[in-house]
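Peer 1: structure here, sequence nowhere to be found:
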Ligand code: DAH
């Protein structure tokens with residue numbers, strides 16, 4: 001009996017030691033401890049023993065069963081540990097590996113220039129207004145002292161939708177709209193899209209302007225010059241100088257153009273300023289009293305100044321962009337430079 005127990009123990013332990021995986025271990029458990037297993041059979045055979053030997057024999061067989069069970073359990077734990085480790089290794093993630101970088105968007109150079117101008121004017125106390133891009137002839141021209149057949153209409157090649165409705169050619173239309181509904185003092189800017197039938201390196205059929213209008217008592221050309229000088233310095237750089245040159249617009253009298261000293265050559269003359277030392281940036285003037293009256297503002301009490309600046313032109317000058325079409329082609333290599 002004891003010999004049999006010894007034999008089972010040694011054969012079971014050598015088989016358990018040789019086991020490679022949990023499935024094989026399961027087979028061994030069945031072989032020894034299963035319903036028809038060898039140790040189970042031994043226990044069943046107890047009833048054939050003489051009754052005085054049974055307790056001792058039973059004790060030995062139970063010890064054998066416990067030993068084999070323990071061997072199987074230990075091996076099972078060891079195999080699961082190895083299996084888990086292998087799995088972890090297989091699924092290892094290198095957290096130090098740098099991830100593919102995300103491409104971040106940025107603001108378009110026109111938006112950058114517009115925001116900068118708008119912020120500068122807000123700093124001087126201006127309100128920001130908006131107006132429709134599909135506009136009437138009335139607000140785009142007539143209220144601005146440009147009646148039908150006025151030669152000044154030739155200055156702006158207009159997209160007409162009907163005889164009376166057009167794509168606004170200038171944000172000046174918002175001057176007329178603002179004066180009609182607000183009482184002085186007025187201090188506003190209006191950035192927005194405008195449209196003209198024009199297309200080359202310095203013109204685009206759609207471009208952006210920013211209109212400005214100040215109406216109050218006692219406004220004169222010094223206010224215009226001082227305000228624009230302030231804005232030009234904040235946009236182009238503290239070191240620049242400005243000058244006003246006579247010009248003509250039907251809605252201002254007198255009319256001027258504002259030049260800034262060339263920030264590229266400091267006014268000495270270069271390719272950017274075509275050797276003149278000055279760069280033309282915007283049109284402006286003292287609001288024509290007729291325009292005030294059209295909008296119901298008493299021109300004997302109030303006066304004002306107005307200006308209109310091309311945002312693309314400002315962006316091109318500031319960022320050194322040689323061709324306006326770059327701004328609209330949306331080539332990511334170009335845009336990425338101005339984030
Ligand atoms: N609207 C003019 C243009 O598009 C620019 C301009 C000039 C606007 C003088 C003004 C102004 O308000 O006073 O060419």
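Peer 2: Yep, that arrived. All figures in this text were calculated on a predicted structure; none of them were measured in a lab. Numbering: from 1, shown residues only.
Peer 1: which one is the closest residue to the ligand within the stretch 1-150 of the chain nearest to, not counting chain neighbours?
Peer 2: Of all residues in the stretch 1-150 of the chain, residue 144 sits closest to the ligand, at 8.1 Å by CB to the nearest ligand atom. C-betas here are computed from N, CA, C, even on glycine. Distance criterion CB to CB, 6 or more residues apart in numbering; nearest residue to residue 144, sequence neighbours excluded, is residue 251 at 4.1 Å.
Peer 1: starting at the chain centroid, how far to whichever strand or helix holds residue 6?
Peer 2: Element membership for residue 6 (DSSP states H and E) is helix 2-18. Here helix 2-18 is found 73 Å from its chain centre; the criterion is CA atoms, centre = their mean, to the nearest Å.
Peer 1: pull out the buried residues from it.
Peer 2: 5, 8-9, 12, 15-16 (16 or more other CB atoms under 10 Å).
Peer 1: cool, and stretch 34-46?
Peer 2: 37-39, 42.
Peer 1: same check on stretch 175-184?
Peer 2: 175-179, 184.
Peer 1: hmm, who's touching it?
Peer 2: Defining contact as CB atoms under 8 Å, 6 or more residues apart in numbering, one finds that stretch 175-184 is touched by 129, 131, 139, 143-144, 186, 188, 190, 211, 213, 215-217, 251, 287, 291-292, 294-297, 302, 304, 306.
Peer 1: the helix holding residue 6 - contacts with which helices or strands?
Peer 2: With contacts taken as 3 or more CB pairs under 8 Å, 6 or more residues apart in numbering; DSSP states H and E, helix 2-18 sits against helix 22-33, helix 38-45, helix 54-90.
Peer 1: one more pass at 6 Å, please.
Peer 2: Contacts defined by 3 or more CB pairs under 6 Å, 6 or more residues apart in numbering; DSSP states H and E place helix 2-18 against helix 22-33, helix 54-90.
Peer 1: what residues does the stretch 51-200 of the chain put near the ligand?
Peer 2: Residues of the stretch 51-200 of the chain lying close to the ligand by CB under 6 Å from any ligand atom are 170, 172.
Peer 1: list the contacts of the closest residue to the ligand within the stretch 51-200 of the chain.
Peer 2: Residue nearest to the ligand within the stretch 51-200 of the chain (CB to the nearest ligand atom): residue 170, separated by 3.6 Å. Residues near residue 170 by CB atoms under 6 Å, 6 or more residues apart in numbering: residue 194.
Peer 1: could I get the phi/psi values of it?
Peer 2: phi -160, psi 150 (degrees, to the nearest 10).
Peer 1: check residue 216 too.
Peer 2: phi -160, psi -180.
Peer 1: residue 185 is in contact with that one, correct?
Peer 2: Yes: if you go by CB atoms under 6 Å, residue 216 and residue 185 touch, sitting 4.1 Å apart.
Peer 1: identify the bridge partners of the closest residue to the ligand within the stretch 201-339 of the chain.
Peer 2: Taking CB to the nearest ligand atom, the ligand has its nearest neighbour within the stretch 201-339 of the chain at residue 308, 2.5 Å off. Beta-bridge partners recorded for residue 308 (DSSP bridges): residue 211, residue 283.
Peer 1: report pLDDT for it.
Peer 2: According to the prediction, residue 308 has pLDDT 97.
Peer 1: now residue 202
Peer 2: For residue 202, the predicted pLDDT is 79.
Peer 1: and it, what is it in contact with?
Peer 2: residue 324.
Peer 1: that older thread, ok, the residue of the stretch 201-339 of the chain closest to the ligand - contacts?
Peer 2: So residue 308 contacts 172, 209, 211, 283 (CB under 6 Å, 6+ apart).
Peer 1: how about a cut-off of 8 Å?
Peer 2: 170-172, 209-212, 282-284.
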